[in-house]
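Q: please work out how this folds:
(one chain, ligands or ions: 2)
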Amino acid sequence: MLFSALAMSDRITPATFTTRWCSRGNPVRPRDGGSYVWFPSGFFTVSSATLDTILPAERTVSVDSGNFMGYPSAYLTVPDHFGFCFTQAFQSIGLGLASAIGTALAQPDRLPVATLGDGGFLMGISELETVVRLKLPLVIVIYNDSAYGAEVHHFTDPEMDRSIVTFPETDLAAIARGCCADGVTVRTPEDLDAVGNWVEGSRDRPLVIDAKVSSDGGSWWLAEAFKGH
Ligand SMILES: Cc1ncc(C[n+]2csc(CCOP(=O)(O)OP(=O)(O)O)c2C)c(N)n1
Ligand SMILES: [Mg+2]
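A: Residues are numbered from 1 along each chain as shown. Ligands and ions are numbered 1, 2, ... in the order given. The predicted structure is shown next:
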């Protein structure tokens, strides 16, 4: 519920979100397009805000579940409530990609965008074949922190072994290309130029964006939700 409120409430605007995020010491790019201060932990935000300017406004945004989920919810604008598909109500990761396929078929006039964590993407990856086979012009954004970032919240004691919730780097763009999708690896804002090229092109293959993000130290919305757990 917290996340639905975050995304849908007119009381919690991107500006509010930005202020809260900055209060944790993470700089962001101003929404007026001005210059920003670069820190690795800000890449979640920077990449989301930049994508918002690159992707056509007439879009649907489907959001999987995980630590990352507030970033696309707050920074990728949608034309109306039919453009936002939030799977968190099911409390299950791995539903974002299949949901995005549904939005693509239901609203073919809009660009479908799936926003996923690396864990959720790998859980639902069988649907990538569906996307390719149906030739859906789907943009799949993966916030790849090489972790079950949401679970890392519970590993507060430095003595705890985090190896069960953190993973070696995985080349998701290469996996995508192996499935006959387009795949780009994004480590800097400049790398997002490849997304602009895809948007300008024929869009006859889906695009998988493997956005390598460093840990944000645990998002504030999940820290709120996990209080008392
Ligand atoms: C089917 C299922 N398994 C496990 C969980 C517990 N869970 C919630 S979020 C999460 C981590 C998701 O990782 P990722 O998709 O990489 O997103 P991140 O949290 O790193 O942003 C897990 C394992 C769940 N909600 N549903
Ligand atoms: Mg992750």
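Q: would you mind listing the residues in contact with the residue most central in space within the chain?
A: Central residue of the chain (Cα atoms, centre = their mean): residue 115, 3.7 Å from the mean position. By Cβ atoms under 8 Å, 6 or more residues apart in numbering, residue 115 lies in contact with 61-64, 68-69, 71-72, 76, 96, 141, 143. For glycine as for every other residue, the C-beta is placed from the backbone atoms N, C-alpha and C.
Q: with pLDDT added, can I get those in CSV?
A: Converted to CSV, those look like this (pLDDT from 0 to 100):
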residue, pLDDT
61, 98
62, 98
63, 98
64, 98
68, 93
69, 93
71, 90
72, 93
76, 94
96, 98
141, 96
143, 93
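Q: of those, which belong to strands?
A: Members of those lying in strands (criterion: DSSP state E): 61-63, 141, 143.
Q: tell me, which of those make contact with ligand 1?
A: Restricting the ones in strands among the contacts of residue 115 to those within reach of ligand 1 (Cβ under 6 Å from any ligand atom) leaves residue 143.
Q: ok, back up a step: next structured bit after the helix or strand harbouring the residue nearest to the centre of the chain?
A: Using DSSP states H and E, residue 115 sits within strand 111-117. Per DSSP H and E, the first helix or strand lying C-terminal to strand 111-117 is helix 118-123.
Q: let's see the pLDDT reported for the residue lying farthest from the centre of the chain.
A: Farthest-out residue of the chain from its mean C-alpha position, per Cα atoms, centre = their mean: residue 159, at 30.0 Å. At residue 159, the model reports a pLDDT of 89.
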